[in-house]
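Participant: got a predicted structure plus its sequence, pasted below:
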Amino acid sequence: MIFDEILNDAYEKREYPALSAFFAEWSGTRPFRALRVLVATPVFRNTLLEYRALIAGGADLVVGVAGGMPCDPGIVEVLRGNGIPVIGLQEALEMEARCAESGDCAFDLILDCAGQFSACHPRFGFVELTRSGVQFYEKCEHPVYVADSGVVKRIETCLGTGEGYVRALAQLGYDFCLDSGTDGGLDAGRNTLDSGTDGAPSGGKKFVVFGSGKVGQGIVLQLLRSGADVHVVTDCSRGANPFLDANGVPVTDCNDLDAVASLVRGADFVVTATGVKGALDRPQVVEALLASGAVLANMGVEDEYGPGVPASRVLAEKKPLNFILEEPTHLKYIDASLALHAALGELLLQEGGAVYDKAAGISGTKNAGPMDPPSDLEQRILSMTMQDGLIGAEIAEMMGW
């Protein structure tokens with residue numbers, strides 16, 4: 001099967017239980033047969049598993065790369081070498097214009113990421129992978145499932161993205177303890193550090209994390225495991241955050257600009273994870289960032305620092321820091337998200353008769369715009385991941401089970 005040599009050399013099957021299950025199922029049912037599916041997931045080695053499952057299901061696959069989204073050029077060449085088109089937004093729009101002349105649709109489904117291809121018009125609709133991409137679909141006339149609206153995406157964002165931030169800092173040479181102990185718990189990680197048995201950790205380093213959503217909490221979780229001194233800046237008007245409260249993490253309101261600027265000036269590391277473009281673009285905060293000696297990083301899709309902070313001042317030129325890694329998020333943490341991304345595409349096809357006249361290419365308004373993933377599909381993928389994967393204990397801890 002396509003990509004097998006690359007994937008078998010890199011992964012064991014328990015790292016991708018959900019995508020493995022859908023690959024086996026769709027090889028028999030072929031739900032995407034003769035349909036053109038554009039997938040805009042960031043192109044890295046681990047996303048080959050999503051492509052493989054869709055191809056097994058009969059998809060005529062097109063891979064989309066647009067909007068400066070990071071990708072692995074080597075994997076792009078692998079795709080092209082296997083006859084899979086890799087296109088940008090302009091090419092996609094040109095394909096749509098040509099197909100429209102003959103009364104056809106260029107794409108049946110678009111599995112998007114960060115709204116890169118939201119200007120297109122797929123026959124059955126979109127699946128958006130990220131929360132930051134939802135803004136591009138608020139007034140969409142097509143149905144849009146948002147994979148980041150449910151519990152499955154928390155595996156990637158809470159466990160995987162935070163770990164990717166720590167791993168990227170380590171790759172850049174910043175001393176960091178990556179060992180969270182034998183059971184993966186916070187106390188185990190702190191004990192490892194306190195005993196001094198794991199090299200030169202980040203103990204004593206002060207981290208300021210902007211954002212307390214799923215990604216922010218994931219970063220905080222990894223930093224607490226490393227023994228770091230962590231402080232969070234967030235919008236306190238949204239109410240209490242049980243995770244931060246339970247772990248005794250100090251919190252500063254993002255609107256208290258004097259306090260935020262003071263925190264930044266005293267920080268060793270600053271990382272943004274608000275998901276909001278220009279979230280730190282306040283004169284007092286920008287001045288403090290430029291005066292600070294802190295190591296600055298971004299873990300969101302958008303430029304959260306704003307134009308006042310030069311790209312050269314931020315690691316990876318303001319791109320998500322984990323994307324400097326060969327595998328930005330370990331497959332074991334992203335498998336469930338990619339499986340949900342693809343499975344929601346299958347669901348759009350099953351529901352499509354109520355929204356579209358496929359033969360005529362006419363869309364209606366029923367179910368248009370962003371929608372949450374069904375809980376039964378999420379529970380199915382969660383069960384696959386916990387029962388057949390490597391991270392069941394970590395998920396249970398994350399969920400408080």
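Facilitator: Received, thanks.
Participant: can you show me the strands along the stretch 251-400 of the chain?
Facilitator: With strands called from DSSP state E, counting those that start in this stretch, the stretch 251-400 of the chain shows them at 251-253, 269-272, 295-298, 356-357, 362-363, 369-371.
Participant: which of the ones you listed has the lowest average pLDDT?
Facilitator: Of all those, the segment with the smallest mean pLDDT is strand 356-357, scoring a mean of 42.
Participant: nearest to G103, of the strands of the stretch 251-400 of the chain?
Facilitator: Taking C-beta to C-beta, strand 362-363 is the member of the strands of the stretch 251-400 of the chain nearest to G103, at 10.6 Å. Bear in mind the C-beta positions are built from the backbone N, C-alpha and C, glycine included.
Participant: so who does T234 touch?
Facilitator: Neighbour list for T234: F210, G211, S212, G216, N241, V251, T252, D253, C254, T274 [criterion: C-beta atoms under 8 Å, 6 or more residues apart in numbering].
Participant: apply 6 Å and report the result again.
Facilitator: By C-beta atoms under 6 Å, 6 or more residues apart in numbering, the contact list for T234 reads S212, C254.
Participant: one more: A21?
Facilitator: Contacts were defined as C-beta under 6 Å, 6+ apart; by that measure A21 touches M384.
Participant: in which helix or strand would I find it?
Facilitator: Using DSSP states H and E, the element containing A21 is helix 17-29.
Participant: please apply the same query to A92.
Facilitator: Under the criterion DSSP H and E, the helix or strand holding A92 is helix 89-101.
Participant: outside of that helix itself, list whatever touches it.
Facilitator: Helix 89-101 has contacts (C-beta under 6 Å, 6+ apart) with A66, A106, F117, C120.
Participant: and what of stretch 270-277?
Facilitator: 131-132, 208-211, 215-216, 219, 294, 296-300, 302, 304.
Participant: now do the buried residues in that stretch.
Facilitator: By neighbour count, with 16 or more other C-beta atoms under 10 Å as the criterion, the buried positions of stretch 270-277 are V270, V271, T272, A273, T274, G275, V276.
Participant: do you know how far L109 is from L344?
Facilitator: As judged by C-beta to C-beta, to the nearest Å, L109 and L344 stand 10 Å apart.
Participant: for T252, that is, sorry about that
Facilitator: Where L344 is concerned, T252 sits at a distance of 37 Å (C-beta to C-beta).
Participant: looking at these two, which is more packed in?
Facilitator: Set side by side, T252 and L344 show more neighbours around L344, with 26 against 17, by other C-beta atoms under 10 Å.
Participant: show me the contacts for the more buried one.
Facilitator: V127, Y145, P373 are the contacts of L344 under C-beta under 6 Å, 6+ apart.
Participant: if we can go back for a sec, and which of the buried residues of stretch 270-277 is nearest G160?
Facilitator: Proximity of these to G160 (C-beta to C-beta) peaks at A273, which lies at 13.1 Å.
Participant: could you tell me the per-residue confidence at the closest residue in space to G64 that isn't next to it in sequence?
Facilitator: On the basis of C-beta to C-beta, 6 or more residues apart in numbering, the spatially nearest residue to G64 that is not a chain neighbour turns out to be A40, at 3.9 Å. Model confidence at A40, expressed as pLDDT, equals 98.
Participant: pull the contacting residues for A40.
Facilitator: Residues in contact with A40 (C-beta under 6 Å, 6+ apart) are G64, D112, C113, Q116, F117.
Participant: can you tell me how far the first one sits from L340?
Facilitator: Same thing as G64. According to C-beta to C-beta, G64 stands 18 Å off from L340.
Participant: one more: A316?
Facilitator: According to C-beta to C-beta, A316 and L340 sit 27 Å apart.
Participant: higher neighbour count, these two?
Facilitator: The residue with the greater number of neighbours, taking A316 and L340 and applying other C-beta under 10 Å, is L340; the counts read 30 against 16.
Participant: can you give me the helices in the stretch 151-300 of the chain?
Facilitator: 153-154, 162-171, 186-194, 214-226, 242-246, 257-265, 283-291 (DSSP state H, counting those that start in this stretch).
Participant: brain fart, the stretch 301-401 of the chain
Facilitator: Along the stretch 301-401 of the chain, the segments classed as helices by DSSP H, counting those that start in this stretch run 331-351, 375-388, 392-399.
Participant: need the winner for burial among those helices.
Facilitator: Across the helices of the stretch 301-401 of the chain, averaging neighbours per residue (mean count of other C-beta atoms under 10 Å) puts helix 331-351 on top, at a mean of 25.
Participant: right, I'll leave it there.
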